[in-house]
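# Predicted model and sequence follow; I will ask about them next.
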2 protein chains.
Amino acid sequence: MYENMIVIDRGAPESLQKQIRRQIAIGIVNRQYPLHRPLPSIRQLSADLGVSVTTVTLAYEALKQDGFVEARNRSGYYVNQDVLTEPGHALKPDVPADLAAPLATLDYRAFFRDRSFNLQRVVKPSDVLVRYRYPFVCGLTDPSLFPITSWRECVRDSVNVIELANWATDYSAIDDDMLIEQLIQRVLAKRGIVAHPDEVLVTVGGQQALYIAIKLLLKSGEIIGVEDPGYPDVINMAEIEGISVRRLPIDQKGLVLSSNISGCKCLFVTPSHQFPTTVTMPLDRKVELLAFTKRNGQFVIEDDYEADISFNKTPPRALKSLDTWGNVIYTGSLSKSLLPGLRIGYLVADREFVREARAMRHHILRHPPVNNQRSVALFLQRGYFDRFVAKITGIYKERCTVMHEALERHFPGASTKAEYGGGSIWLRLPDGADAGILRKMVDAEGVFFETGGFTFSDERNNRNHIRLGYSVIEKSLIAEGIDKIAKAVPNARDSKSGASQSARPSQFALTSSQLTRRK
Amino acid sequence: MYENMIVIDRGAPESLQKQIRRQIAIGIVNRQYPLHRPLPSIRQLSADLGVSVTTVTLAYEALKQDGFVEARNRSGYYVNQDVLTEPGHALKPDVPADLAAPLATLDYRAFFRDRSFNLQRVVKPSDVLVRYRYPFVCGLTDPSLFPITSWRECVRDSVNVIELANWATDYSAIDDDMLIEQLIQRVLAKRGIVAHPDEVLVTVGGQQALYIAIKLLLKSGEIIGVEDPGYPDVINMAEIEGISVRRLPIDQKGLVLSSNISGCKCLFVTPSHQFPTTVTMPLDRKVELLAFTKRNGQFVIEDDYEADISFNKTPPRALKSLDTWGNVIYTGSLSKSLLPGLRIGYLVADREFVREARAMRHHILRHPPVNNQRSVALFLQRGYFDRFVAKITGIYKERCTVMHEALERHFPGASTKAEYGGGSIWLRLPDGADAGILRKMVDAEGVFFETGGFTFSDERNNRNHIRLGYSVIEKSLIAEGIDKIAKAVPNARDSKSGASQSARPSQFALTSSQLTRRK
């Protein structure tokens, strides 16, 4: 099966032996050959390539001397694993200079210089739970709470649907019936949303639901309004699509209904649980927002990203549940309440809108994997989801209380304890503190948290905000972790820049302490 | 949990009883309430809503008379399933007029009229294997051949990775190591592609790989060259992104290298197995194409959509394997050789390009589901994939031969038997035949095939082309099915339009008969 990997060019100045050597070496460092089976035998290779046995023998001997292969008695040559560094590292430079092909390559770095898509985005360390004793990370599910046995059962029972998926192939046109029904009954109903199956679309995570909504509603040059502070990924999406962004101030009730909303064709809002401040928009402002946008003929994208984790018996009604005109596109996911890795999201909107969204989804990737749709549908249908959500909600509530108390001791009035629920607390550190510096300082002590400055349009003057997640940290460790942060804060100042000292606090920052006092 | 589903407005002209009635009825027809559990009890609802027991009782009794609910002794009211029509049908109109809310809704139909994304796309009947005795459908895997036991084993063993995924969350930045390694060793190596892990990106199906490549390479207004006939989904993607499409003629060796290629910033090609004609571009033209595009500074997207199903011991080398300059973006998927429903695709390109593609993937949907990445990695690593591919390739080869013989009897010289492999045969019916009419005619006889006209820029004059898949039809039924098609052909003419009679055959159509004769 490796015939295609070595190509002999008899017209080339390079000797045949060296051509073979070079190509095998590159194949080895690129992990192109399996580690536990022999490389192609000398006789085989000589026959396949039409070169002499001596040429191949010399090539293999040279590779052995260079440390790429090792000979094992009677079973031939094997990859010498010592030359392999960790995957993910740059391997090509390890090839000796005389073996590396000296090619003039296309300069992609220059090509993307003018319009790189490599925009700033939240990257959580993938080893956050292993590396940190105090992981105040956001958006993860606690692995120790996850009902792995029930999940295994649903996965096992959904394997049959694979066979089905196999022939009932066109999942571009339909989603898993059972999943749609379960989402309507168990997820949307709790938020007060009455949806018909034709009004729901399954997406690859909440992120894809947002992307499709933005792409359908806005053309290049049109304006989307985004809360300030707000969700950076939406701003990145707008940038990619050439859509203008207008940042809109929020207060302790969420988005402020001011005249600068009027120019926006569409608003992106997180009313039930504002990102990142966690404040909940009261019902009367939701009603007002709907009336306002209807008057102006505007669309609203409502991202209800942590809808399932509600501390109160009756969670706040979604904006969508009050929408009689049909201008609200509701997006959500099971990432926070089940598992982020499964990428199950959804979009709820008018059926004409969903028809277009389904077409768009087809054009960009056809459809979300069908096996995961069914596994999740079974997990919902059998009641495991409700039980799991009830369990984590109870635990998160306790952790939230403990965290808020610890924060009050050190930073009275500076943190917002979510009235609604969710998995994080938003904290405004004293003016002049720099969360980036603070994070580096506490890293060695095993503390991880997320900085908040980048969620503001004026990042420079808001570096004193942080997000503290409690979805994966043990309750008993919360106070200790907060103590460590508090101890480091006085020294976490950017001495080089004077900016933070004379900072003009953002509109939200002004009200954030009122927020907690209000309670 | 249904508190939010009914909202009482004491200021409304509608009576409280009617408000409750209307909202429960809408919830029922929208399948908002579970079928096998009682609806909220009278006492419960009266307490939740703060209305009298009598009001709720009257509402339920009215719902019972209207047929929405049924009373069961001692266990309360249940949804009356008779009012529920099939999911997927319009349910809202079934609500009696006096219960339906008379709302002025936003007109999305008008909104999308100017730029609908609901473009023509291939939709296969989802019951194709059940409904048709002769399913000449393309792109499906034969469910009877799939090694379900090995797959179950891999799925079971990958469940652990879910727990892992749970915390090692940020799969935006990395893909499953094992999957990348396996793709490099078992999939790409066969095509002669030497790829480093940093040069491979996992995508949600081959479709997403194409979409990301197109989005990264072309701005609105720039030109992509697409084979004619060619893959319609790429044309749809271009349309969505405002990218211009130039159709490029093909001959029996695939894309013709003519001067009208020069204006294209990027070419989309299927060299090893042209879509839909199945012709293979010979090595010399591949080399010529690379030299040509390098001279012109053009990018090439190579879609190797059926790469794994090769009838010859050594499959043709991918264009990418000959690419020393780095202008080829290679895309593929395991949809044809494993299961389409899993949506595992990949993209191979320069590492700078992959870095941007990864960022783009994050913005659009973060990352493909991690559990499927691992299940497929195990399936590859344990050798099940190679074994499965070898098995289906042998079977497809036999079916292909039988089908080609049957076609030669009825339409000598009109079909192209793929030199390379794959899962379908391209057939040019006599001039004047209309494949759309033909398909309707044979439908009643249990025959399904795919029409080919829509893959041409000049659809009207190429309605006499069809694609016949053999990946799911039993060998013993192939000749029978072809006989039925052949018998119907003489009457499958569009009598209304004279177009097909005087058709100017397309450039490819001219050569398609030469193709078979050549052998």
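Yep, it's here. Numbers count the residues shown, from 1 in each chain, chains lettered A, B, ... in the order given.
# Next one: A:Gln207 from A:Asp303, what distance?
To A:Asp303, A:Gln207 is 10 Å away according to Cβ to Cβ, to the nearest Å. Heads up, the C-betas are built off the backbone N, CA and C, glycines and all.
# and stretch A:290-304, average pLDDT?
Across stretch A:290-304, the average pLDDT comes to 96.
# correction: stretch A:312-322
Across stretch A:312-322, the average pLDDT comes to 87.
# Which positions in that stretch come out as buried?
A:315-322 (16 or more other Cβ atoms under 10 Å in any protein chain shown).
# name the helices or strands packed onto the strand or helix carrying A:Val234?
Element membership for A:Val234 (DSSP states H and E) is helix A:232-241. Counting contacts by 3 or more Cβ pairs under 8 Å, 6 or more residues apart in numbering or on different chains; DSSP states H and E, helix A:232-241 packs against helix A:205-217, strand A:223-228, strand A:244-251, helix B:351-365.
# mind putting those in TSV, mean neighbour count and mean pLDDT included?
What follows is the helices and strands packed on helix A:232-241, written out as TSV (neighbours: other Cβ atoms under 10 Å in any protein chain shown; pLDDT from 0 to 100):
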stretch	mean neighbour count	mean pLDDT
helix A:205-217	25	97
strand A:223-228	23	98
strand A:244-251	18	97
helix B:351-365	23	94
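# Looking at these, spot the one closest to A:Thr393.
Among the helices and strands packed on helix A:232-241, helix A:205-217 comes nearest to A:Thr393, with 18.9 Å by Cβ to Cβ.
# Show residues contacting that closest one.
Residues outside helix A:205-217 that contact it (Cβ atoms under 8 Å, 6 or more residues apart in numbering or on different chains): A:201, A:203, A:224, A:233-234, A:237-238, A:241, A:243, A:265-266, A:268, A:299, A:301, A:303, A:305, A:329, A:331-333, A:335, A:340, A:343-347, A:349, A:353, A:356-357, A:360-361, A:364, B:112, B:117, B:363-366.
# residue boundaries of the strands in the stretch 301-450 of chain A?
A:328-333, A:344-348, A:415-416, A:424-428, A:447-448, A:450-451 (DSSP state E, counting those that start in this stretch).
# Select, out of these, the one closest to B:Cys400.
strand A:344-348 (38.6 Å).
# from the chain's centre, how far out does the closest one sit?
Strand A:344-348 sits 15 Å away from the centroid of its parent chain (Cα atoms, centre = their mean, to the nearest Å).
# Tell me the buried residues in it?
A:344-348.
# can you state the direction angle for the helix holding A:Val234 and helix B:205-217?
70 degrees (axes from the mean of the first three to the mean of the last three Cα atoms, to 10 degrees).
# Buried residues in helix A:232-241, which are they?
In helix A:232-241, the ones that count as buried by 16+ other Cβ under 10 Å are A:232-238, A:240-241.
# just stretch A:115-125 next, same as before
A:117, A:119, A:121-122, A:124-125.
# Next, the contact list for the nearest residue to A:Glu199 once chain neighbours are set aside, please.
Spatial nearest neighbour of A:Glu199, excluding adjacent residues (Cβ to Cβ, 6 or more residues apart in numbering or on different chains): A:Arg351 at 5.3 Å. Contacts of A:Arg351 were listed using Cβ under 8 Å, 6+ apart, and they are A:196, A:198-199.
# right, so of the strands of the stretch 301-450 of chain A, which gets closest to B:Leu183?
Per Cβ to Cβ, nearest to B:Leu183 of these: strand A:344-348, 24.5 Å.
# Restrict the closest one to CA atoms and write it as PDB.
Extracted as PDB, the C-alpha positions of strand A:344-348 are listed here (Å, rounded to 0.1, in the frame of the first residue of the first chain):
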ATOM      1  CA  ILE A 344     -25.400  19.400  19.800                       C
ATOM      2  CA  GLY A 345     -27.000  22.800  19.300                       C
ATOM      3  CA  TYR A 346     -30.300  24.100  18.100                       C
ATOM      4  CA  LEU A 347     -32.000  27.000  16.600                       C
ATOM      5  CA  VAL A 348     -35.700  27.900  17.000                       C
END
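# which bits of the stretch 351-500 of chain A sit near chain B?
Taking Cβ under 8 Å from any Cβ of the partner chain as the contact definition, the stretch 351-500 of chain A meets chain B at A:352-353, A:355-356, A:359-360, A:362-372, A:472.
# go again using 6 Å as the cut-off
Within reach of chain B by Cβ under 6 Å from any Cβ of the partner chain, the stretch 351-500 of chain A has these residues: A:352-353, A:356, A:359-360, A:362-366, A:369-370, A:372.
# follow-up on the earlier one: got the buried residues of stretch A:312-322 as a markdown table, with distance to A:Tyr77 columns?
Converted to a markdown table, these look like this (distance: Cβ to Cβ, whole Å):
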| residue | distance to A:Tyr77 |
| --- | --- |
| A:Pro315 | 64 |
| A:Pro316 | 67 |
| A:Arg317 | 69 |
| A:Ala318 | 64 |
| A:Leu319 | 66 |
| A:Lys320 | 64 |
| A:Ser321 | 67 |
| A:Leu322 | 71 |
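# The residues you listed: which ones sit near chain B?
Of the residues in the buried residues of stretch A:312-322, proximity to chain B by Cβ under 6 Å from any Cβ holds for A:Arg317.
# Of the buried residues of stretch A:312-322, which is the nearest to chain B?
Nearest to chain B, judged by Cβ to the nearest Cβ, of these is A:Arg317 at 5.4 Å.
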